[in-house]
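In: Please find the sequence and the predicted model below.
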Amino acid sequence: MKGIIFTEFMELVEDKFGLEVLDEVLEMSGDEGIYTAVGSYDHNDLVKLIVNLSKKTKIDPATLQQVFGQTVFKTLLASIPETASIGQSHSTFQFIRHVEDYIHVEVKKLYSDAQPPKFYFISETETEMVMDYQSARCMSNVCLGLIEGCATHFGETITVDMSPQSDDSSLVRFHLTLA
């Protein structure tokens, strides 16, 4: 997992809960908190940070992942070159389609060892999109938060239903409905 995810997570924790809580979560996790945005790190370290933040704050880990996804969307959006096709998106559905066609492709070009999640588009109309999200990291709630952050960016109201398609939640179906 790319370090930018770790650095953004730690920034969110510090902003929302304070430096003292961040330090306690790092200590609980046996983590020094030294990450670079371009480095690659084991996603299990992020999971451990989220679980320990949940213990500390009494907030469900799924909710923490979702809020993280909502927050990190802005940072990821800002990192996209203005000339990129994804930057020309005018709706949440357009943007999500471009994630698979542009962002994940670019990530693989830049970092040959990267393993971004995969989106499999099942169906789409003007008001509904059904897609499968597949990731060995099983962080579909981060994906949910990213979708919500995207909808907010485009000023759209979207309801999202998630249903695991595998026992370990490495494959999750998202049904998005534009209100």
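Out: Good, I have the coordinates. Numbers count the residues shown, from 1 in each chain.
In: Quick one: list the elements packing against the longest helix seen in the chain.
Out: In terms of residue count, the longest helix belonging to the chain (DSSP state H) is helix 61-78. Using 3 or more CB pairs under 8 Å, 6 or more residues apart in numbering; DSSP states H and E as the contact test, the elements touching helix 61-78 are helix 3-17, helix 43-57, helix 140-153. (Each C-beta comes from the backbone N, C-alpha and C, glycine too.)
In: Low-confidence regions, the protein specifically.
Out: Within the chain, the segments meeting pLDDT under 70 span 85, 87, 102-114.
In: mind checking the backbone torsions on D132?
Out: phi -100, psi 140 (degrees, to the nearest 10).
In: Give me the distance between it and Q165.
Out: 6 Å (CB to CB, to the nearest Å).
In: which of these two has more neighbours?
Out: With neighbours defined as other CB atoms under 10 Å, D132 and Q165 compare such that D132 has more, 16 against 13.
In: Present the helices and strands packed on helix 61-78 as CSV; the columns should include distance to Q94.
Out: Output for the helices and strands packed on helix 61-78, formatted as CSV (distance: least, CB to CB, whole Å):
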stretch, distance to Q94
helix 3-17, 24
helix 43-57, 28
helix 140-153, 10
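In: Could you please give me the overlap between the contact lists of D132 and Q165?
Out: L171, V172, R173 (CB atoms under 8 Å, 6 or more residues apart in numbering).
In: Can you flag which of those residues belong to helices?
Out: Going by DSSP H, the helices hold none of the shared contacts of D132 and Q165.
In: Among the residues you listed, which are located in strands?
Out: L171, V172, R173 (DSSP state E).
In: Just the buried residues from those, in ChimeraX please.
Out: Provided next is the ChimeraX selection string for whichever of those are buried by 16 or more other CB atoms under 10 Å:
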select :171,172,173
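In: Could you chop the chain up by domain?
Out: The chain breaks down by automatic domain parsing into domains covering 3-59, 70-178.
In: ok, the nearest residue in space to L53 that is not next to it in sequence to F119 distance?
Out: Leaving out its chain neighbours, the residue that sits closest to L53 by CB to CB, 6 or more residues apart in numbering is V25, at 4.9 Å. Using CB to CB, V25 is found at 31 Å from F119.
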